[in-house]
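Asks: Need the 3D shape of this:
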Amino acid sequence: MAKRIKKPTVKRQLRAEWFRRYELGESPPKIAGVDHFDVRTVRKHIELAKQEREVKEARSAVLRNALERHYADLCNFAEKLDAEIAGEGAISDTLRDDPMWLALKQHLPRSPLWNYLNRWGLLQEELGELREDIRAGLENEIGADSRLSAVKAAEDSGVVSGMVEALAFHTERRARGATGLNIEENFRTEPAGKNLVSIEYGAFPLGKVERQQVEAVRDALVYWQSKVTSWEDYADINKRFQELQRIKMKVKDELAVVTLRRIVPGRCKYCPL
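Replies: Purely as a prediction, here's the structure:
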């Protein structure tokens with residue numbers, strides 16, 4: 001009596017088993033004979049299993065590509081942030097509003113990076129206030145300097161405002177630990193007409209004064225350049241710049257982990273499903 005052919009009811013597990021055996025070299029007719037199924041059913045489910053695998057592999061490839069691009073976006077953003085910090089200025093609103101800011105924060109919610117960046121922002125505010133205080137102090141003190149009375153009375157050349165700009169620049173350079181302006185090297189004069197001399201200090205024009213007033217301007221510059229570094233505001237801005245350097249290195253270390261590892265742990269709202 002011939003064996004009864006089973007109805008073609010095939011579960012996913014059996015389909016996968018047939019496909020595995022088929023890939024190992026077992027033919028559909030042999031599989032059908034051993035498992036008592038119609039060969040057409042076996043062929044159909046082997047083809048279905050092949051299609052399912054291809055779909056799964058395609059989905060995996062798409063997901064892998066999406067993840068790679070997502071990680072690349074995170075790394076690119078970390079590099080932008082690193083470049084922003086290198087400039088030692090305030091972090092731009094454009095960068096803070098970038099969706100990748102939120103993405104990186106969600107990937108690394110416990111990273112000390114965010115506390116460092118918060119402190120960075122506070123330091124920038126404090127430095128801005130100290131710059132204004134130093135500039136205001138220079139304007140008041142230089143404006144009241146009796147050595148410059150004749151200069152101010154004689155013309156409106158902007159000597160005081162030029163000195164304020166030059167000394168504010170010098171003060172910040174010194175507070176950062178860099179070389180400031182040097183009176184011997186950076187104080188320059190050029191003839192500018194009958195009995196007039198044009199003065200520059202570094203890159204800062206101080207306008208035109210009468211020839212006999214040049215020495216008074218020079219003396220005032222020497223005095224206030226030395227005096228400003230004894231101010232409390234100068235000591236405060238120096239401390240802020242030192243802390244800024246420490247924070248900068250810590251931020252760069254945290255960002256280096258992201259850019260060198262290339263894969264960021266955790267998830268964010270933009271992660272591929």
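
Asks: Any buried residues in stretch 50-61, and which?
Replies: Going by neighbour count (16 or more other CB atoms under 10 Å), nothing in stretch 50-61 comes out as buried. Any C-beta I mention is one placed from the backbone N, CA and C, and that applies to glycine too.

Asks: quick check: mean pLDDT across it?
Replies: Averaged over stretch 50-61, pLDDT sits at 87.

Asks: Repeat that for stretch 67-83.
Replies: Average pLDDT, stretch 67-83: 94.

Asks: buried stuff in that stretch?
Replies: Buried positions in stretch 67-83, judged by neighbour count with 16+ other CB under 10 Å: H70, Y71, D73, L74, C75, F77, A78, K80, L81, D82.

Asks: Secondary structure class of S198, three-state.
Replies: Secondary structure, DSSP: H, G, I helix; E, B strand; the rest coil: S198 is strand.

Asks: For the residue nearest to it when sequence neighbours are not counted, grab the count of nearby residues.
Replies: Spatial nearest neighbour of S198, chain neighbours left out: A192 (4.0 Å); criterion: CB to CB, 6 or more residues apart in numbering. A192 has 15 neighbouring residues, counting by other CB atoms under 10 Å.

Asks: just the one 4 residues further on next, same as before
Replies: For L196, the tally of surrounding residues (other CB under 10 Å) stands at 16.

Asks: Return the set of residues that bridge with it.
Replies: Taking DSSP bridges as the rule, L196 bridges to E210.

Asks: What separation is there between it and D73?
Replies: Note on L196: its distance to D73, by CB to CB, to the nearest Å, is 60 Å.

Asks: can you tell me the average pLDDT over stretch 201-217?
Replies: According to the model, stretch 201-217 has a mean pLDDT of 92.

Asks: Next, the buried residues of it.
Replies: Buried-residue list, stretch 201-217, by 16+ other CB under 10 Å: 201-202, 204-210, 213-214, 216-217.

Asks: picking that back up, per-residue pLDDT, the residue nearest to S198?
Replies: Note on A192: pLDDT of 85.

Asks: for the buried residues of stretch 201-217, which one is nearest A256?
Replies: Within the buried residues of stretch 201-217, proximity to A256 (CB to CB) peaks at G202, which comes in at 35.7 Å.

Asks: shouldn't the closest one be in contact with T179?
Replies: No. Applying CB atoms under 8 Å as the test, G202 and T179 come out as separate, 11.1 Å apart.

Asks: Show me the strands in the stretch 151-273 of the chain, by range?
Replies: 187-191, 196-201, 204-210 (DSSP state E, counting those that start in this stretch).

Asks: Compare these and give me the one nearest G87.
Replies: strand 204-210 (22.1 Å).
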